[in-house]
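S.K.: this is the structure alone, sequence omitted:
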């Protein structure tokens, strides 16, 4: 079957660093995506990993280990506007369709 | 990123009516269109995949006669929710994809459907 797990909720302090983990078990693998979704809005693309390692993009970084079926999204220098839901999604094949995790709601506190 | 529009952004309708949602990719040719829906506080679930000029492929549990998808051109796809019921109330999101753009998945802004 297809399964993607991530924590339901996390809380962090403004200015801090937070790591959101995602584990997956899918019948195939053709990349892992992270999206940010604010309440009432559509998801926005954050990152894409297909090879092992760390991809850094400004305050956000994403890591992938294919052998462990594991990824994390690292957010540095947290800002209040980072309060949102973060979705981990896997492309199980080369069709472009994505399987989404349940999302992690991050609350950033002053 | 890619420019994707959806219309309407928000719609409220009575039970039994049909609602058409349009998705346009404004700056690239979408050979494939994915339609997702998201129930409140839930994750996104793929409903169907359509390729330009051919019939859509529906995911298990999604009624093809209820959710009609048309992908007649490379820049426009429509999703029609027929005979809508309150349980169809959801956030519907399109994701157009070009042949080259698998690693760039840009979502439409979504359509919030409320069926009374």
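M.R.: Looks like it came in fine. Not measured: the values here are computed from a predicted model.
S.K.: I'd say residue A:57 and residue A:49 touch.
M.R.: No. With contact defined as CB atoms under 8 Å, residue A:57 does not count as touching residue A:49 (11.1 Å). Just so you know, the C-beta spots here come from the backbone N, C-alpha and C atoms, and that holds for glycine as well.
S.K.: okay, the two: which has more neighbours?
M.R.: Looking at residue A:57 and residue A:49 with other CB atoms under 10 Å in any protein chain shown, you find the greater number of neighbours at residue A:49, namely 20 against 9.
S.K.: chain B versus that one, what's the distance?
M.R.: Between residue A:49 and chain B the computed distance is 10 Å (CB to the nearest CB, to the nearest Å).
S.K.: confidence score at that residue?
M.R.: With respect to pLDDT, residue A:49 scores 94.
S.K.: again, but for residue B:31
M.R.: What the model reports as pLDDT for residue B:31 is 85.
S.K.: list the contacts for it?
M.R.: Residue B:31 makes contact with B:51-52, B:74, B:97-99, according to CB atoms under 8 Å, 6 or more residues apart in numbering or on different chains.
S.K.: do residue B:96 as well
M.R.: Applying CB under 8 Å, 6+ apart to residue B:96 gives the contacts B:2, B:4, B:23, B:25, B:28, B:30, B:32-34, B:77, B:106, B:108.
S.K.: rerun that using 6 Å as the cut-off
M.R.: Taking CB atoms under 6 Å, 6 or more residues apart in numbering or on different chains as the definition of contact, the neighbours of residue B:96 are B:4, B:25, B:30, B:33.
S.K.: tell me the one among the residues you listed nearest to chain A.
M.R.: Nearest to chain A among these: residue B:4, at 8.8 Å, using CB to the nearest CB.
S.K.: and for that closest one, the neighbour number?
M.R.: 21.
S.K.: and for residue A:54?
M.R.: As a burial measure, the neighbour count of residue A:54 was computed by other CB under 10 Å and equals 11.
S.K.: also residue B:69?
M.R.: Other residues near residue B:69 come to 22 when the count uses other CB under 10 Å.
S.K.: A helix includes residue A:81, no?
M.R.: Yes. Applying DSSP: H, G, I helix; E, B strand; the rest coil, one finds residue A:81 inside a helix.
S.K.: how near is it to residue B:107?
M.R.: 19 Å (CB to CB, to the nearest Å).
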